[in-house]
Structures are given as C-alpha cells and as structure tokens.
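J.: predicted model and sequence below, questions to follow.
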Protein chains: 2
Amino acid sequence: MKYPNGIRKLNHPTNQNNFSYANRGMRLEDDINDTNKYYLAINKAVIHKKPTPIQIVKVHYPKRSAAVITEGYFQEKATTDYNGIYKGKYIDFEAKETKNKTSFPLANIHEHQIEHMRAVLHHGGICFIIIRFTIHDETYLLTADQLITFWDEMKRGGKKSIPYETIKRVGHEIPFTYKARIDYLQIVDELFF
Amino acid sequence: MKYPNGIRKLNHPTNQNNFSYANRGMRLEDDINDTNKYYLAINKAVIHKKPTPIQIVKVHYPKRSAAVITEGYFQEKATTDYNGIYKGKYIDFEAKETKNKTSFPLANIHEHQIEHMRAVLHHGGICFIIIRFTIHDETYLLTADQLITFWDEMKRGGKKSIPYETIKRVGHEIPFTYKARIDYLQIVDELFF
C-alpha cells in the first residue's frame, strides 16, 4: 500500500528538500490546496480536498486535554481527492505527481477510482485528473474521459502507463500563475463551459 | 471538542446498545451511509461521507506490515459531512442527531460550516441539514436557507436552539423505507426539482 502524500515527511522532514529544485519547493497537493483557498477567497468556486481516510483502532482520552489516537491505519480511498462546486456544476478530480520522466504509470490509479469517475460522468459532473511530472516541472489536466480510455486500453492488454509525450499532446497544460498556483479552472472553463 | 460519531464506540462497544431502542439499533450516520450505498448501487446519485480529518503526528513503519499511526488528533471539520452529485447538481449536507427531546441546539453546528453552506448556496448547490431526534425516532430535513435563518437569528440575540415543534412544522420529515433507510432524495426531489 502506498501512503498518502504528506504523511511520510512527518518522520523524514528532510524529504521535502528533494522536491524543491524540481517544483519550486511546493508539492502538487500544497499547490492545489493554495489554489482552492484562493478560489474560495475570491468566491470563484468551493472545492476542498477530502481528508485521508483513517481507520481508528485505539483512542486515549487524557483528562483536560484532547483525545489522542494511539492506533490507526491508513485506508484506501474510495473516491478521488478533491470535489466541490464551480459555476453550479459538480466538480471532482484526482491529483498525482510522478517522478517518472517518460510516462505516467496507471498503477497510480485504483480501479474503484475509475469506477467513481465513470459514475460522476454518468450523473453529469465535471471530472478529471491533474498529473504533475516533477522532473519536467509540468502539470497537465486529462479529462476523466481520456483517463478512462487509457485505462480501458490497459485492461484490454494495452500499455500500463501513459507516455509523457502523449500527455503533452492530448492533455492540457495547467498554467502556473502568481495568485492561483495551479490555475486548473482556466482549463475547466475552456473544456467544459 | 466533540468527538466525531463512531469513534468512541470503538473503545466502548457496549455503547451501541444504548441507541438500539430509540432508533432501531442504527445510528443516523450508518443509516445515511447505507442509503448512499443504495443510491450508488441503483445509479441514482453519487454521494459519500467525507472522512474525519485527523492530524497525524507520529507514524510507525514496521517491516512487512502496514504503517501504524501512533499519535494523531481529531481536527475540526472545515465543511460538512456529505457531498456528491444528484441529477447533475452538486449536493452538500450535514447530519446531526440529538438526544434532546424539545429542541435542536445550534451549538451542534460550527460557524465555518454555516459559512461553507452560504458559499455552496451562492454557487447554486443544493444544501441542507438532516436532523434526527433519537428520542422521537424522527428525522427531518431543513434546507440550508432555513438553518441559516435560525443561525442568523441566534447571532442577533435570538434562540440558541431550534424548538422541536418548529422543526416538525417547517422541516420535512424523511421517510424510513426498507431499501433506502433514510430516503432523503425523496425530499430533495420535492424541494429542489
């Protein structure tokens, strides 16, 4: 099982430095969270990251102070990382970064996340994935339709990853702006409105 | 700080029995989760509970087995408990049960949850609260508009709780059906479509 972003660094604070030259010291999740805060502040959209699901096994209740979870485990996500509302529409997406230079491995995605995306599309939601290639310092939006196409190809015996060059060609590069660090709603506007 | 539903019972398994005579042995959260699973299975809506936010402080990584969180704390929710998509619309709600017989105390709701509801309404989403009176074994839907009205009244020096009789009169009782334990989309259909 892969641990969710941001957990491991708590034990290994120096890990963060490994990222800094590749993506301006900000991880994709931080960039998206900052962007969502900005969208919320200017009343543009209400989009939040869902908390990491944790199975809580033991809790200690000290007197006069906060409850402490003393045994818990990471659970697999049932859905995607982010959802919310934009221009009256339901919006839902996953975000992944890869250190891979030449392709995005589909092993980064779980089957039930694809099923979730299919269900969102069925009900008329806007759904996509944001993929960052940390080495290239480039971030792309692929629509859920596109991602599901690659996924289904893989299931039929096709490639287990999407080549970087393909994503560069068929995906939509997300601009990095000062205020919205990763201004994905610009792309959403182009594609869905 | 109030602990999220379902946590304390892990340490006190007998607690669950206290609920059983009042609400058929099912807690509101379980009822809603079951209902959401049913809606998903019949392709009616995609609505999930957001995981409880946990601040993770220490994680232990044993060899050959899953990572264990050995120190974590409950964080306050920034938004509401549930969201998703129904008939192409963004849907967002909070759910609360109270053992109070005569009123629903507004202390059950946080200021930032009200702010979140205002933002959702601003962007055209469907937003409400589900309130269960366990003693009466009755469950009501109040629209976010209604809840915010009571909230704003309180802020102007009005009542700190909504009387049960008021909720009975202005709220919408949610039917308990066999397949959808708490069939709130029936009410959503009446009110919003």
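T.: Arrived safely. A quick note: this is a predicted structure, and the numbers were derived from the prediction, not measured. Numbers count the residues shown, from 1 in each chain, chains lettered A, B, ... in the order given.
J.: can stretch A:114-133 be found next to chain B?
T.: Yes: contact of stretch A:114-133 with chain B (C-beta under 8 Å from any C-beta of the partner chain) involves A:116, A:119-120, A:122-125. C-beta here means a position set from N, CA and C on the backbone, and glycine is covered the same way.
J.: how about the helices in chain A?
T.: A:8-11, A:15-20, A:28-41, A:111-122, A:144-155, A:164-170, A:184-192 (DSSP state H).
J.: just want the most central residue of chain A.
T.: A:A95 (1.6 Å; C-alpha atoms, centre = their mean).
J.: now the strand ranked longest in chain A: how far from the chain's centre is it?
T.: If you go by DSSP state E, chain A has its longest strand at strand A:89-98. In terms of C-alpha atoms, centre = their mean, to the nearest Å, the centre of strand A:89-98 is set 5 Å apart from its chain centre.
J.: before we move on, what about stretch A:172-192?
T.: Per C-alpha atoms, centre = their mean, the centroid offset for stretch A:172-192 relative to its chain is 14 Å.
J.: in it, what counts as buried?
T.: For stretch A:172-192, the neighbour count (16 or more other C-beta atoms under 10 Å in any protein chain shown) marks A:172, A:174, A:176, A:180-185, A:187-188, A:192 as buried.
J.: can you get me the start-to-end distance on that stretch?
T.: End-to-end span of stretch A:172-192 (C-alpha to C-alpha, to the nearest Å): 13 Å.
J.: give me the contact list for it.
T.: The contact list for stretch A:172-192 (C-beta atoms under 8 Å, 6 or more residues apart in numbering or on different chains) reads A:26, A:28, A:31-32, A:34-35, A:38-39, A:44-45, A:86, A:89, A:91, A:93, A:126, A:128, A:130, A:138-143.
J.: out of those, which are buried?
T.: Buried among the contacts of stretch A:172-192 by 16+ other C-beta under 10 Å: A:26, A:28, A:31-32, A:35, A:38-39, A:45, A:86, A:89, A:91, A:93, A:126, A:128, A:130, A:138-143.
J.: low-confidence ranges, chain A, go.
T.: Within chain A, the ranges that satisfy pLDDT under 70 run A:1-26.
J.: rewinding a little: leaving out chain neighbours, which residue sits closest to the residue nearest to the centre of chain A?
T.: Nearest residue to A:A95, sequence neighbours excluded (C-beta to C-beta, 6 or more residues apart in numbering or on different chains): A:I130, at 4.3 Å.
J.: how about chain A, which residue sits the furthest from its center?
T.: Most peripheral residue of chain A (C-alpha atoms, centre = their mean): A:K63, 38.5 Å.
J.: quick one on the thing from earlier: can I get the helices of chain A in JSON lines with distance to B:Y164?
T.: Formatted as JSON lines, the helices of chain A follow (distance: least, C-beta to C-beta, whole Å):
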{"stretch": "helix A:8-11", "distance to B:Y164": "45"}
{"stretch": "helix A:15-20", "distance to B:Y164": "52"}
{"stretch": "helix A:28-41", "distance to B:Y164": "35"}
{"stretch": "helix A:111-122", "distance to B:Y164": "37"}
{"stretch": "helix A:144-155", "distance to B:Y164": "44"}
{"stretch": "helix A:164-170", "distance to B:Y164": "56"}
{"stretch": "helix A:184-192", "distance to B:Y164": "43"}
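J.: A:Y82 is nearest to which of those?
T.: Distances from A:Y82 to each of these were compared using C-beta to C-beta; the minimum, 6.9 Å, belongs to helix A:28-41.
J.: contact partners for the residue lying closest to A:T80 once chain neighbours are set aside?
T.: If the residues on either side of it in the chain are set aside, A:T80 comes closest to A:E94, at 4.2 Å by C-beta to C-beta, 6+ apart. A:E94 makes contact with A:80-82, A:109, A:113, A:117, A:129-130, according to C-beta under 8 Å, 6+ apart.
J.: contacts only, for A:C127.
T.: Per C-beta under 8 Å, 6+ apart, neighbours of A:C127: A:80, A:91-93, A:117, A:120-121, A:143-144.
J.: for those residues, work out which two are farthest apart.
T.: Most distant of the contacts of A:C127, by C-beta to C-beta, are A:T80 and A:T143, 13.3 Å apart.
J.: what's the distance between the residue nearest to A:S161 when sequence neighbours are not counted and chain B?
T.: Excluding the flanking residues, the one nearest A:S161 by C-beta to C-beta, 6+ apart is A:S103, at 4.0 Å. Look at A:S103 and chain B: by C-beta to the nearest C-beta, to the nearest Å, they are 27 Å apart.
J.: check A:K44 too.
T.: For A:K44 relative to chain B (C-beta to the nearest C-beta), the value is 9 Å.
J.: thought that residue was touching A:G84?
T.: No: with contact defined as C-beta atoms under 8 Å, A:K44 does not reach A:G84; the gap is 10.8 Å.
J.: re the thing from before, top of the contacts of A:E94 by neighbour count?
T.: Of all these, the highest neighbour tally under other C-beta atoms under 10 Å in any protein chain shown goes to A:M117, namely 27 neighbours.
J.: contact partners for that residue?
T.: Counted by C-beta under 8 Å, 6+ apart, A:M117 has contacts A:80, A:92, A:94, A:127, A:144, A:147-148.
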